[in-house]
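Student: Any chance you could fold what I've pasted below:
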Amino acid sequence: MGGVGGTDIATSTQTTAQKILLLILSLSLLIIIPLYLLNTSNSPQPYSIRRANALNNSTSTAKRCDIFRGKWVPSQITPYYTNSTCSVIYNLQNCLKFGRVDKEFLKWRWKPDQCYLPMFDAVQFLELVRGKSMAFVGDSVGRNHMQSLICLLARVVYPLDISYTKDPRYKQWLYKDYNFTLASFWSPHLVKDMNTYPTGPTYDRMVNLYLDVANEAWADKIELFNYIIISAGQWFFGPAVYYENHNVVGCYRCHINNVTNLDMFYGYRKAFRTTFQFLSNLKNFKGVTFLRTFSPAHFENGEWNTGGSCSRTRPVGIGEMKLEGESLEFYLTQVEELKKAEKAGEKKGLKFRLLDISEAMVLRPDGHPNHNGHSAEENVSVADCVHWCLPGPVDTWNEFLLHMLKMEG
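Tutor: Residues are numbered from 1 along each chain as shown. Got it, this is the predicted structure:
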């Protein structure tokens, strides 16, 4: 019996040792393999990782739920307004007025993955901004966003036009009963710009960009606003000469001898950096700055000037279209600069927030005017796959905005 017991103990000891050895080997593999993959991979970081890095330790996203990650789901809820009930819709985005027949693009709502995004409540919005002011700074897509907001609020009240100029690019509205001022400042590059060929074609004229100087079109008037929505995008595709400290530092698509060729993202990054730094350094600015992220275009079967169009009638599924290439780089550049601004702003008690529309809108190739932004007799051959129909999926941007205002308290 004693011999058998000794054998059992020896066998048990050997088995235990084997288990320990297997455990050590397993743990080693779990550590070594990820390190190997990390160190041997030379490919660029994917979108999800760069976005996570850019937003690391950031308070820009909603506290309870990331409302910007989700999908479009069918909805039978009627649009908030129509082209008949809202009078401020520009003809260029008035798709229903100018012949868009399909209506399915109006029958979808954004559903975040982990929570519910409430419908836009105009009364609630106006109460939140009572006694305050809000400015949209950017290009015509930013104006598109502001007009959506006016149409949404029109269910309660129309504002008074108190614009200081007749130039439609600079509008100012007053909601008298709520003492709420809404303004739009045209500044497609955000920084000081100067056309070198003012009468040339808009899409290909050379522009001098002074990347370290905020554009006075908005900078001289912005200090006392409570909320600022900053955006920029498509205009940076055009040729430009870049200036810093009054000197030429390079250019994009300029073909000038002895001038350094830089990509458009150099100018784009510097423009946002200058904008955020300018706001941070304003003596009396105490407001909240929202970055409305890059709005993707959806030209298919060609570019805007080679017959491209956007004739789809419903959203695409996740993965069927995604941010990639230049659109992705625009987006990531914005978010990275916002993070820097947010970190610097914390020391001064300033808030910088991310209004992240990009992932939702890349799935909406059906939401653009295409050829329905003008009357038939105008015979305009170029499709508009940059701006958004009103009403349309752009109204979701203001559902996002309302949610964020509520989070700000």
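Student: Assess the claim that residue 182 and residue 173 are in contact.
Tutor: Yes. Between residue 182 and residue 173 there is a contact at 4.5 Å, judged by CB atoms under 8 Å. In this view, the C-beta of every residue, glycine as well, is placed from N, C-alpha and C.
Student: which residues are in contact with both of these two?
Tutor: Counting by CB atoms under 8 Å, 6 or more residues apart in numbering, the common neighbours of residue 182 and residue 173 are 150, 159.
Student: Give me the distance between residue 291 and residue 94.
Tutor: Per CB to CB, to the nearest Å, residue 291 is found 28 Å from residue 94.
Student: who has more neighbours, those two?
Tutor: Set residue 291 next to residue 94 and count neighbours by other CB atoms under 10 Å: residue 291 wins out with 25 against 18.
Student: Let me see the contact set for the more buried one.
Tutor: 230, 231, 272, 334, 335, 338, 352, 353, 354, 355.
Student: In JSON lines: those, plus neighbour count.
Tutor: Converted to JSON lines, the contacts of residue 291 look like this (neighbours: other CB atoms under 10 Å):
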{"residue": "230", "neighbour count": "25"}
{"residue": "231", "neighbour count": "27"}
{"residue": "272", "neighbour count": "24"}
{"residue": "334", "neighbour count": "26"}
{"residue": "335", "neighbour count": "23"}
{"residue": "338", "neighbour count": "26"}
{"residue": "352", "neighbour count": "26"}
{"residue": "353", "neighbour count": "24"}
{"residue": "354", "neighbour count": "23"}
{"residue": "355", "neighbour count": "21"}
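Student: In helices only, show me those.
Tutor: Secondary structure from DSSP state H places 272, 334, 335, 338 of those in helices.
Student: Nearest to residue 196 among those?
Tutor: residue 272 (23.1 Å; CB to CB).
Student: shouldn't the closest one be in contact with residue 190?
Tutor: Yes. Between residue 272 and residue 190 there is a contact at 6.9 Å, judged by CB under 8 Å.
Student: Over to the residue nearest to residue 221 when sequence neighbours are not counted. Which of the three states is it?
Tutor: Excluding the flanking residues, the one nearest residue 221 by CB to CB, 6 or more residues apart in numbering is residue 185, at 7.1 Å. Following DSSP: H, G, I helix; E, B strand; the rest coil, the label given to residue 185 is strand.
Student: Tell me how many other residues surround residue 185.
Tutor: When neighbours are counted by other CB under 10 Å, residue 185 registers 24.
Student: Dig out what it forms beta bridges with.
Tutor: Beta-bridge pairing for residue 185 (DSSP bridges): residue 137, residue 170.
Student: Could you do residue 194 as well?
Tutor: Applying DSSP bridges to residue 194 gives these bridge partners: residue 208.
Student: Do you know the pLDDT at it?
Tutor: Turning to residue 194, the model gives it a pLDDT of 94.
Student: Tell me who's in contact with it.
Tutor: Counting by CB under 8 Å, 6+ apart, residue 194 makes contact with 207, 208, 210.
Student: just how off-centre is stretch 268-281 within its chain?
Tutor: Stretch 268-281 sits 16 Å away from the centroid of its parent chain (CA atoms, centre = their mean, to the nearest Å).
Student: before we move on, back to that, could you redo the contacts of residue 194 as CSV and give each row neighbour count, distance to residue 90 and pLDDT?
Tutor: Shown next, in CSV, are the contacts of residue 194 (neighbours: other CB atoms under 10 Å; distance: CB to CB, whole Å; pLDDT from 0 to 100):
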residue, neighbour count, distance to residue 90, pLDDT
207, 21, 24, 95
208, 16, 28, 97
210, 21, 29, 98
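Student: Specify which member of the contacts of residue 291 is nearest to residue 247.
Tutor: When the contacts of residue 291 are compared for distance to residue 247 (CB to CB), residue 272 wins out at 20.9 Å.
Student: Just the residues contacting stretch 154-161, thanks.
Tutor: When contacts are defined by CB under 8 Å, 6+ apart, stretch 154-161 is touched by residues 80-81, 85-88, 122-123, 126, 150, 153, 171-178, 182.
Student: Quick one: the helices in this structure, in order.
Tutor: 2-40, 47-54, 122-128, 140-153, 216-219, 264-281, 325-346, 358-361, 395-408.
Student: ok, now which ones touch residue 89?
Tutor: Counting by CB under 8 Å, 6+ apart, residue 89 has contacts 83, 97, 147, 151, 390.
Student: I'd like the distance between it and residue 402.
Tutor: From residue 89 over to residue 402 the distance is 20 Å, taken as CB to CB.
Student: circling back to that earlier point, from the contacts of stretch 154-161, list just the buried residues.
Tutor: 80-81, 86, 88, 122, 126, 150, 153, 171-175, 178, 182 (16 or more other CB atoms under 10 Å).
Student: which ones are touching residue 275?
Tutor: Neighbours of residue 275 in contact, by CB under 8 Å, 6+ apart: 137, 190, 191, 214, 230.
Student: which of these lies closest to residue 304?
Tutor: Nearest to residue 304 among the contacts of residue 275: residue 190, at 22.3 Å, using CB to CB.
Student: Relative to residue 330, how far out is the closest one?
Tutor: As for residue 190, its distance to residue 330 is 13 Å (criterion: CB to CB).
Student: if you count what's nearby, which of the two comes out ahead?
Tutor: residue 190 (31 against 25).
Student: Please verify my assumption that that one contacts residue 273.
Tutor: No. Counting by CB under 8 Å, residue 190 does not reach residue 273; the two are 10.0 Å apart.
Student: what pLDDT does residue 2 get?
Tutor: 41.
Student: Residue 397 now?
Tutor: 98.
Student: on that earlier part again, could the contacts of residue 89 be laid out in JSON lines, adding distance to residue 278, neighbour count and pLDDT?
Tutor: Shown next, in JSON lines, are the contacts of residue 89 (distance: CB to CB, whole Å; neighbours: other CB atoms under 10 Å; pLDDT from 0 to 100):
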{"residue": "83", "distance to residue 278": "37", "neighbour count": "20", "pLDDT": "89"}
{"residue": "97", "distance to residue 278": "39", "neighbour count": "17", "pLDDT": "92"}
{"residue": "147", "distance to residue 278": "26", "neighbour count": "22", "pLDDT": "96"}
{"residue": "151", "distance to residue 278": "31", "neighbour count": "26", "pLDDT": "98"}
{"residue": "390", "distance to residue 278": "31", "neighbour count": "27", "pLDDT": "97"}
